[in-house]
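# After the sequence you'll find the predicted model.
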Amino acid sequence: MPDASSRVEMAGGVPVVKAPEEIDITNADGLREAMAEAGTRGNETFVVDMTGTRFCDSSGLQALLRAYERARDQGGRVILAIPGPHVLRILAITGIDRVIPTVGRLDEALAQIGAANAADEVAGT
């Protein structure tokens, strides 16, 4: 069985939650906890690295959506890095892809957060 744990690492000053290969009811709480930890490390701004995720059920989708809403309500950002079609398809079917920003690679997500943070600094926010 693949490692079902989620962990938080820092990349270029941005918290990154490494999502498991499969997200379901058995490990969605771990993902939720990792995203909450990432939010505290990055002023509610973080990336969820789903580059190795091949499956995500409704409990995982709910965890992602709640983390996004919490971050947004606190002035933060969440970006999902998802290269594979399987998880992207479920996000499209549920409409979550129109709510939570997604990119195909982790480096793209980090660049977007870095650019947004730089713009905020210039604007003085």
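Structure's in. What do you need?

# For Thr51, give me its contacts.
Counting by Cβ atoms under 8 Å, 6 or more residues apart in numbering, Thr51 makes contact with Ala81, Ile82, Pro83, Gly84, Arg105, Leu106. C-beta coordinates here come from the backbone N, C-alpha and C atoms, glycine included.

# For it, what is the enclosing helix or strand?
Following DSSP states H and E, one finds Thr51 outside all helices and strands.

# Can you say which helix or strand has Ile79 in it?
strand 78-81.

# now Val16
With DSSP H and E as the test, Val16 turns up in strand 14-18.

# And the contacts of that strand?
Outside strand 14-18, the residues touching it (Cβ under 8 Å, 6+ apart) are 6-10, 31, 34-35, 37-39, 41-42, 45-49, 52, 106, 110, 113-114.

# Next secondary structure after it?
strand 22-23.

# Given that following strand, what are its sheet partners and their directions?
strand 55-56 (parallel) (DSSP bridges).

# tell me the angle of the helix or strand following the partner strand relative to strand 14-18?
Next in sequence after strand 55-56, counting helices and strands by DSSP H and E, comes helix 58-73. Relative orientation of helix 58-73 versus strand 14-18 (axes from the mean of the first three to the mean of the last three Cα atoms, to 10 degrees): 170 degrees.

# can you list contacts of helix 58-73?
Helix 58-73 is contacted by residues 23-25, 28-29, 31-32, 35-36, 39, 44-46, 48, 56, 77-78, 80, 90-91, 94, 96, 99-100 when judged by Cβ under 8 Å, 6+ apart.

# And the residues you listed, which of them are buried?
Among the contacts of helix 58-73, those buried by neighbour count (16 or more other Cβ atoms under 10 Å) are 23, 28, 31-32, 35-36, 39, 44-46, 48, 56, 77-78, 80, 90-91, 96, 100.
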